[in-house]
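Trainee: okay, predicted coordinates and the sequence, questions at the end:
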Amino acid sequence: MRPEDTDEAGGNGLRVPMTWLTTEYLADELLRTGDLMEPTTLEFRAGRDALALTMFLCEFPRDAPAPRALPEPRVDELRVLTAYEGTWRSWICERLAESERCAEPGDPDMALARSAWRWLEETELLAADLDAIGPGPWEAAADAAGGDQEARVWTPAWQLGLPLGHLAVHLC
């Protein structure tokens, strides 16, 4: 989507990334409506960015503003795309590369999408280790003596944000 120039004479006006901003707004609204996480947390940002990036890179129309509420086929598509099965990351990388090839140089929407992906990929958040759900019965006595320590690991932000975004889509 090519936004209007800010200069009446058709000069080099500021290009506004309306597609990304609208998509990010919708993702934010979905997460806030679901009330899954405090909006001030990094986990919320990870969920919003993962969901916004998914919405931005799938076949949502680019030339029209996004509707306030998502139609049911789009909700179903988002549920499938955000399902945590290990394919989301490769799908994002492929679609981002394809979108970059098709975008105009200096496209502000793509710049924000790349920035969101870079943050999701490079930022690690301390989270509960889901592989260490609980001690076995033989370890319970040892844990009682040592305290109640939850196993925590550093996890890429997208791995926390994706399930959060998926849950928000289910709740809409």
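Mentor: Everything's here; your move.

Trainee: what residues sit buried inside stretch 153-166?
Mentor: Neighbour-count burial for stretch 153-166 flags 155-166 (criterion: 16 or more other C-beta atoms under 10 Å). All C-beta atoms are positioned from the backbone trio N, CA, C, and that covers glycine.

Trainee: so can I have a markdown table of those showing pLDDT, distance to D28 and secondary structure?
Mentor: Listed next are the buried residues of stretch 153-166 as a markdown table, based on pLDDT from 0 to 100; distance: C-beta to C-beta, whole Å; DSSP: H, G, I helix; E, B strand; the rest coil:
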| residue | pLDDT | distance to D28 | secondary structure |
| --- | --- | --- | --- |
| T155 | 91 | 22 | strand |
| P156 | 93 | 21 | strand |
| A157 | 95 | 16 | helix |
| W158 | 94 | 17 | helix |
| Q159 | 91 | 20 | helix |
| L160 | 91 | 16 | helix |
| G161 | 92 | 12 | helix |
| L162 | 92 | 16 | helix |
| P163 | 91 | 17 | helix |
| L164 | 91 | 12 | helix |
| G165 | 90 | 11 | helix |
| H166 | 89 | 16 | helix |
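
Trainee: just for this structure, where's the confidence low?
Mentor: 1-13, 59-69, 130-149 (pLDDT under 70).

Trainee: how about the helices in it?
Mentor: Here the chain has its helices, by DSSP state H, at 18-34, 42-57, 72-81, 88-102, 108-122, 137-146, 157-171.

Trainee: how far away from the center of its chain is the fifth one?
Mentor: From the chain centre to the centre of helix 108-122 is a distance of 10 Å (C-alpha atoms, centre = their mean, to the nearest Å).

Trainee: how far away is the residue nearest the centre of the chain from R101?
Mentor: Among the residues of the chain, the one closest to the centroid is A50, at 1.0 Å (C-alpha atoms, centre = their mean). To R101, A50 is 22 Å away according to C-beta to C-beta, to the nearest Å.

Trainee: coming back round to it: how about the nearest residue to the residue nearest to the centre of the chain, chain neighbours excluded?
Mentor: G161 (3.6 Å; C-beta to C-beta, 6 or more residues apart in numbering).
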